[in-house]
Each structure stands twice: as structure tokens, then as C-alpha cells.
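Enquirer: curious how this folds, go ahead:
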Amino acid sequence: MSHDDPKEYNLSVSTNDVRAAIAQTAGALYELVEEALQTHEDHEAEECEFELFARDILAVLSRHADQFADNDGSLRDSSDEGDLVELDEE
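Expert: Below you'll find the predicted structure:
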């Protein structure tokens, strides 16, 4: 796959608890948005719309991190969930 080929992300959550599914999905979303923001090209001018959007998402998720954080308060890593949450980058 070349650098220009589009990536496909798949998220699988296997649980009977809708709250756990939402929490795991929010954790995965946080990680993806954070990665996208870090790899986004810098601009000379003001923040672009994507940067504003990404920072807004991260701010909302951070305000509610207790809903998808481990007991120690750190954000869950989706890889810590074993086979419950699976994020594939293709």
C-alpha cells in the first residue's frame, strides 16, 4: 500500500453492555483523533477547520474521560481490552 492509498479503520466491540461499548469506542476515537492531529501537517496561518474540529472532539472526550478511563484515571488503551475492542488499520 502506498502512502497515498486510503486507509481503512475497522472498530469491533464485543460486549453485551452498551455502556461498555460506548466507553470502548470513545477511547478508540480519542486515540485516533489524537494520532490524526499529531500527524496533521502544520500550517503557517491559523488553525484549519480540521484542527479546530479535532481539538473540540478531544476536549469533549477529555471532559468525560471518567466514562472510559481505567480506575487509575488514565485513558484506556484499546489494546488493553483484549479481544473486546479491536481496531484494525488496513
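Enquirer: longest helix of the protein?
Expert: Scanning the chain for the longest helix, with DSSP state H as the assignment, gives helix 18-39.
Enquirer: for the residue nearest to residue 34 when sequence neighbours are not counted, give its distance to residue 15.
Expert: Setting aside the residues directly before and after it, residue 34 is nearest to residue 58 in space (Cβ to Cβ, 6 or more residues apart in numbering), at 6.4 Å. Just so you know, the C-beta spots here come from the backbone N, C-alpha and C atoms, and that holds for glycine as well. Distance from residue 58 to residue 15, counting by Cβ to Cβ, to the nearest Å: 24 Å.
Enquirer: same deal with residue 32?
Expert: Distance from residue 32 to residue 15, counting by Cβ to Cβ: 19 Å.
Enquirer: who has more neighbours, these two?
Expert: Per other Cβ atoms under 10 Å, whichever of residue 32 and residue 15 has more neighbours is residue 32, with 17 against 14.
Enquirer: give me the nearest residue to the more buried one, chain neighbours excluded.
Expert: Nearest non-adjacent residue to residue 32, counting by Cβ to Cβ, 6+ apart: residue 9, 6.9 Å away.
Enquirer: count of residues packed around that neighbour?
Expert: Residues near residue 9, counting by other Cβ under 10 Å, number 10.
Enquirer: can you give me the strands in the chain?
Expert: Under the criterion DSSP state E, the chain contains strands at 9-13, 85-89.
Enquirer: thinking again about what came up before, what's the residue nearest to residue 34 in contact with, if anything?
Expert: Contact analysis of residue 58 by Cβ atoms under 8 Å, 6 or more residues apart in numbering lists 30, 33-34, 37.
Enquirer: distance check, it against residue 5.
Expert: For residue 58, the distance to residue 5 equals 27 Å [Cβ to Cβ].
Enquirer: mind showing which ranges of this structure have poor pLDDT?
Expert: Across the chain, the ranges flagged by pLDDT under 70 are 1-4, 43-45, 69-90.
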